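A.B. asks: Quick one, fold the following:
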Amino acid sequence: MKILKPILISGLTIVILAWALPTVSYLNWTSLILASIVLTLLQKIAKPVLKLLFLPINIVTLGLFSLVINVALLWLATYLVPGFQIQPMTIFGLELNFFFSLLLVSFLISLLQSAIGWFL
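C.D. replies: You can find the predicted model right below:
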């Protein structure tokens, strides 16, 4: 039951981002549930392992490589879950490529998950 709360928070975060950003979408409820499960498992299992593995690079870049790890995990979630998509976006006339779109969405996911986790 301890894993249910982070899955619920991830699902709610994806719903909010899909509502707020036209470039984040999920096909149906099944893909939403699957995306929230995969994203939670990647954040809870793969992220600590990758942070430990890339600790020297992370130290040299003063922690900025953590952003690359977050983007890679988000890309992996969109790759593994059919129907869960993040498209390149345009902000204030500036076209962001796929990497920077994932970077922005990754930042928004962490921000929303922290806010929702604080309320729940």
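A.B. asks: any idea where the helices of this protein begin and end?
C.D. replies: Ranges of helices in the chain, per DSSP state H, are 4-20, 29-41, 47-53, 55-60, 65-80, 98-119.
A.B. asks: Run the angle between the last one and helix 4-20 for me.
C.D. replies: This means helix 98-119. Angle of helix 98-119 versus helix 4-20, following axes from the mean of the first three to the mean of the last three CA atoms, to 10 degrees, is 130 degrees.
A.B. asks: Same check on the fifth one?
C.D. replies: Taking the same axes, to 10 degrees, one finds that helix 65-80 is oriented at 80 degrees with respect to helix 4-20.
A.B. asks: what's helix 65-80 packed up against?
C.D. replies: If you count contacts as 3 or more CB pairs under 8 Å, 6 or more residues apart in numbering; DSSP states H and E, helix 65-80 packs onto helix 29-41, helix 47-53, helix 55-60, strand 84-86, helix 98-119. Using the backbone N, CA and C atoms, a C-beta is placed for each residue, glycine as well.
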